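Undergrad: Need a 3D model of the sequence below.
(one chain, ligands or ions: 2)
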Amino acid sequence: MVDPSEQVVLADPAVIAGLDYWRELPIKQQPEWPDAAAVAEASKQIASFPPLVFAGEVDDLRDKLGRAAAGEAFLLQGGDCAETFAGATAEQIKNRVKTILQMAVVLTYGASMPIVKMGRMAGQFAKPRSTDTETRGDVTLPAYRGDIVNGYPFTAESRTPDPSRLVQGYHTAVSTLNLVRAFTQGGFADLRQVHSWNKGFAANPANKRYEILARDIDRAIKFMEAAGADFDELRRVDFYASHEGLLMDYERPMTRIDSRTGTPYNTSAHFLWVGERTRDLDGAHIDYFSRVRNPIGVKLGPTTSPDDMLRLIDKLDPDREPGRLTFITRMGAGKVRDALPPLLEAIKGHEATPLWVSDPMHGNGLTTSTGYKTRRFDDVVDEVKGFFEAHRAVGTHPGGIHIELTGDDVTECLGGSEHIDEADLATRYESLCDPRLNHMQSLELAFLVAEELAA
Ligand code: PEP
Ligand code: MN
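TA: Numbers count the residues shown, from 1 in each chain. Ligands and ions are numbered 1, 2, ... in the order given. Sure, this is the predicted structure:
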């Protein structure tokens, strides 16, 4: 007898063909690989490797994001601007996961709401760039497009796109996600460990505030244990992987047909988003992502028109499925209060309930006179506040935050209670791309967001 759970549903050939339709369309932000045969070979190899994530997990996440869109949960998405292969060490991954877990605890406790935890991790290796080349002195070379494409050092050899990096990207994502899964499922994320997540980080005001909160949580858990409560949610957390779906020579071969349903999933991450630079309605990226079952995000900058947004909804979420579509707004602190409300208003009457998430990082970049790309912590906070204000005014749900952060004590963003100033940026600036909040700034932000959510 055939076990029904073993039945394999084959995909419609038209569905499979559709997964390559993006190749006919205009595409942006792809590298100029020097050797097409080597890229084809790397893609073929990747297509033969096991998936990183499973369709069932992706479906669970979609349900949870649907709840966040309805105002019953909140998404916390955070991690590096650009992960690097060298940065995929146990220590750095652990610090980032700990930081996200701590932020999640602050938010859960402060807002009494389930927090969906998601890393910009295990695949955030490809970067869009504002120019294709970089010039230093009289030397012009290809821009750094992330470790999955080329190297950061400014030499012709390192900057030449290298297809073997696609395979290395896959393996680095695998080992990162493996460790993340071990941390979050294997006891480390047990809520009884709330204090230990704080250990190893330099003493600072945000840590102190966290310790006080952790003490309250400890007491509540001891009470529940004494009363006989014992549930799995205390011991493990579901932690989801996400990255920008940008590099099609990686994303396409990671796409697989789910044998339960015959539908395609991108198995490189649970959640993928399309960036501000590649979200053209008639372009390759939006077409490809319209055809996979994963929950999909789209970044929306301050110039987004209501019409563009509505057309994105029709293309990516024609069935108006809860959790399918997330809009990640990155307007800038000075613009969010004007640019966001018209988009929120325009949704009314379209039966669409996208999840609204604030990325308070990418609209607030600045370059110092000394040449550092940075952001002011105060601007980040102000954009988050403007995001909440806009939703309150229109009557929609502020459903999450999307943050570039690290668990390390870097000095990349200005301000916060450590008062990092322009001179401090030189002490520990490690990002190869955009500046990230450090551990303390991340915790501080979590406390502020918790206050907004509880308001
Ligand atoms: C990013 O998230 O790192 C990024 C490049 O964002 P955006 O597409 O919003 O500019
Ligand atoms: Mn970035």
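
Undergrad: Find the nearest non-adjacent residue to S369, please.
TA: Nearest non-adjacent residue to S369, counting by CB to CB, 6 or more residues apart in numbering: E422, 7.6 Å away. From N, CA and C alone the C-beta is placed, and that goes for glycine too.

Undergrad: what do you get for Q185?
TA: Closest residue to Q185 apart from its sequence neighbours, by CB to CB, 6+ apart: R236 at 4.9 Å.

Undergrad: Show the pLDDT at the one you found.
TA: Note for R236: predicted pLDDT of 89.

Undergrad: 52 is where my numbering starts, stick with that
TA: With the count now opening at 52, the last piece we talked about shows up as R287.

Undergrad: Might you report the residue contacts of R487?
TA: D131, C132, E455, L456, T457, V461, E463, C464 (CB atoms under 8 Å, 6 or more residues apart in numbering).

Undergrad: Redo those as a markdown table? Include distance to S247.
TA: Listed next are those as a markdown table, based on distance: CB to CB, whole Å:
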| residue | distance to S247 |
| --- | --- |
| D131 | 23 |
| C132 | 28 |
| E455 | 25 |
| L456 | 20 |
| T457 | 19 |
| V461 | 22 |
| E463 | 26 |
| C464 | 26 |
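
Undergrad: Go through the residues you listed and say which is closest to ligand 2.
TA: C132 (3.5 Å; CB to the ion).

Undergrad: give the contact list for that closest one.
TA: So C132 contacts R171, Q175, K178, E455, S482, C484, D485, P486, R487 (CB under 8 Å, 6+ apart).

Undergrad: give me that answer again for 6 Å
TA: C132 makes contact with E455, S482, C484, D485, according to CB atoms under 6 Å, 6 or more residues apart in numbering.

Undergrad: Out of those residues, name the ones that lie in helices.
TA: Residues of those located in helices (DSSP state H): none.

Undergrad: Neighbour-wise, which one of those residues leads?
TA: Using other CB atoms under 10 Å as the neighbour test, those are led by E455, with 26 neighbours.

Undergrad: Make sure that one is actually in contact with M412.
TA: Yes - with contact defined as CB atoms under 6 Å, E455 reaches M412; the gap is 4.8 Å.

Undergrad: The contacts of R487: which ones sit near ligand 2?
TA: C132 (CB under 5 Å from the ion).

Undergrad: Select from the contacts of R487 the one having the most neighbours.
TA: Counting neighbours by other CB under 10 Å, L456 leads those with 29 neighbours.

Undergrad: mind checking pLDDT for the residue in the stretch 352-501 of the chain that ligand 2 sits nearest to?
TA: Closest contact between the stretch 352-501 of the chain and ligand 2, by CB to the ion, is at D485 (3.5 Å). Listed pLDDT for D485 reads 96.

Undergrad: cool, E327 as well?
TA: Confidence score, pLDDT, at E327: 98.

Undergrad: list the contacts for it?
TA: Listed by CB under 6 Å, 6+ apart, the contact partners of E327 are K350, G352.

Undergrad: Mind doing that once more with 7 Å?
TA: Going by CB atoms under 7 Å, 6 or more residues apart in numbering, E327 touches K350, G352, R381.

Undergrad: list the contacts for the last one?
TA: Think R381. Contact analysis of R381 by CB under 7 Å, 6+ apart lists E327, K350, G352, D410, M412, H413, G414.

Undergrad: pLDDT below threshold where in the stretch 402-506 of the chain?
TA: Counting by pLDDT under 70, the stretch 402-506 of the chain contains no low-confidence residues.

Undergrad: Would you mind measuring from F105 to ligand 1?
TA: According to CB to the nearest ligand atom, to the nearest Å, F105 stands 25 Å off from ligand 1.

Undergrad: quick one: the residue of the stretch 352-501 of the chain closest to ligand 2 from ligand 1, how far?
TA: According to CB to the nearest ligand atom, D485 stands 6 Å off from ligand 1.

Undergrad: same thing with R266?
TA: The spacing between R266 and ligand 1, counted by CB to the nearest ligand atom, is 35 Å.

Undergrad: Give me the phi and psi angles of that residue.
TA: Per-residue torsions, R266: phi -60, psi -40 (degrees, to the nearest 10).
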